[in-house]
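**Q** Sequence first, predicted coordinates after that:
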Amino acid sequence: MGIMTTAELLAERVRQLPEDLACEVLDFVEFLSLKRQKIADDAWDNQIQADAESGKLDAIFAADIQAYEAGQCQPI
């Protein structure tokens, strides 16, 4: 067999574990996934905040307020 990818090595090793340890591995993988998503979410939030504070979104906000005041918005 050729060189295995990290995912293939991980899958092979996890298959050899007792079920309770395999569940711990799965929990850790899910933790890492959530951690990565939180980092991405925080970066997005920080960018939106910076754009709002710098005035980059002022035209969009003004257009939205104008549409709201003209009765062109629907409740969500």
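**A** Great, that's in hand. Numbers count the residues shown, from 1 in each chain.
**Q** Arg13 versus Met4, what's the distance?
**A** 10 Å (Cβ to Cβ, to the nearest Å). In this view, the C-beta of every residue, glycine as well, is placed from N, C-alpha and C.
**Q** before we move on, what about Trp44?
**A** Going from Trp44 to Arg13 by Cβ to Cβ gives 34 Å.
**Q** Tell me where the chain has helices.
**A** For the chain, helices defined by DSSP state H occupy the ranges 6-15, 19-54, 58-69.
**Q** and these, which one is worst for confidence?
**A** Note on the helices of the chain: lowest mean pLDDT is at helix 58-69, with a mean of 92.
**Q** what's it in contact with?
**A** Residues from elsewhere that reach helix 58-69 (Cβ atoms under 8 Å, 6 or more residues apart in numbering): Cys73.
**Q** how far off helix 19-54 does it point, in degrees?
**A** With axes from the mean of the first three to the mean of the last three Cα atoms, to 10 degrees applied, the angle from helix 58-69 to helix 19-54 works out at 90 degrees.
**Q** Can I get helix 58-69 as PDB, trimmed to CA atoms?
**A** Extracted in PDB, the C-alpha atoms of helix 58-69 (Å, rounded to 0.1, in the frame of the first residue of the first chain):
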ATOM      1  CA  ASP A  58     -23.100  53.800   5.700                       C
ATOM      2  CA  ALA A  59     -24.600  53.800   2.200                       C
ATOM      3  CA  ILE A  60     -26.200  50.400   2.700                       C
ATOM      4  CA  PHE A  61     -27.600  51.400   6.100                       C
ATOM      5  CA  ALA A  62     -29.000  54.600   4.600                       C
ATOM      6  CA  ALA A  63     -30.700  52.700   1.800                       C
ATOM      7  CA  ASP A  64     -32.200  50.200   4.300                       C
ATOM      8  CA  ILE A  65     -33.500  52.900   6.500                       C
ATOM      9  CA  GLN A  66     -35.000  54.700   3.500                       C
ATOM     10  CA  ALA A  67     -36.700  51.500   2.400                       C
ATOM     11  CA  TYR A  68     -38.000  50.900   5.900                       C
ATOM     12  CA  GLU A  69     -39.400  54.400   6.200                       C
END
